[in-house]
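*Asks:* What follows is a protein structure lacking sequence information:
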């Protein structure tokens, strides 16, 4: 008996679902898709910095180089507590066991700056104190989520305008949106030290006193939103 009621219940649920689907399909509707994109200038720049002890008699320790680096960055107006992060600490044990020398240490950092001029100053300033292993890692835009929402809204508006245009020759009107789907994406920029090469090339042709960081323009980030909307037709 229980099985009988269970079967009836399943049939009823199936009919209800089918009826809802059927009602949706039976409605006259128009489906239209719209895409909106924009190019935005990045406002966050990430630099990778590697401090490495050199295998020489009067080598400077990683700790000393770190202190010099922090002093230099602060002299450039950088908040090292907020913008500088330690990403890796390693020791060269292999060389120690093979040559019976002191352990060589490496420290890797990530530095966040907010414009290309500061990035150029950092590269030149660190080179002056003996730190030249600095590379551009990536760029980002800080208000990416707010921008995506704005683009979604514009895409929906564009979809409605398209729908109005399509039904106008039929002397019909769209009523309300009965289904909306959307997606957004962006193309972040990643690098392999390109900024370092540009800055060092500019720096090598001038004396330290004459050098000014070049006005480098980073490749803009492309952000796009796409929507598909089903509008009821009256």
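*Replies:* Yep, that arrived. For clarity, every value in this text was computed on a predicted model and none was experimentally measured.

*Asks:* what's the helix or strand hosting residue 176 in contact with?
*Replies:* When secondary structure is defined by DSSP states H and E, residue 176 falls within strand 174-187. Counting by Cβ atoms under 8 Å, 6 or more residues apart in numbering, strand 174-187 makes contact with 24, 27, 29-30, 141, 144, 148, 151-152, 155-156, 160, 163-164, 167, 221-234, all of which sit outside it. In this view, the C-beta of every residue, glycine as well, is placed from N, C-alpha and C.

*Asks:* Tell me the buried residues in it?
*Replies:* When burial is assessed from 16 or more other Cβ atoms under 10 Å, strand 174-187 yields the following buried residues: 174, 177, 182, 184, 186.

*Asks:* What of stretch 110-120?
*Replies:* Neighbour-count burial for stretch 110-120 flags 110-113, 115-116, 118-120 (criterion: 16+ other Cβ under 10 Å).

*Asks:* repeat for stretch 42-57
*Replies:* Buried residues in stretch 42-57, defined by neighbour count with 16+ other Cβ under 10 Å: 42, 45-53.

*Asks:* re earlier: now the buried residues of stretch 110-120 in TSV, with distance to residue 62 and pLDDT?
*Replies:* Written out in TSV, the entries for the buried residues of stretch 110-120 read as follows (distance: Cβ to Cβ, whole Å; pLDDT from 0 to 100):
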residue	distance to residue 62	pLDDT
110	16	94
111	16	97
112	21	96
113	22	95
115	29	90
116	28	85
118	24	91
119	23	89
120	25	86
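
*Asks:* Now tabulate the buried residues of stretch 42-57 in a markdown table and tack on pLDDT.
*Replies:* Supplementary listing: the buried residues of stretch 42-57 in a markdown table, determined by pLDDT from 0 to 100:
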| residue | pLDDT |
| --- | --- |
| 42 | 91 |
| 45 | 93 |
| 46 | 94 |
| 47 | 94 |
| 48 | 93 |
| 49 | 94 |
| 50 | 91 |
| 51 | 89 |
| 52 | 83 |
| 53 | 76 |
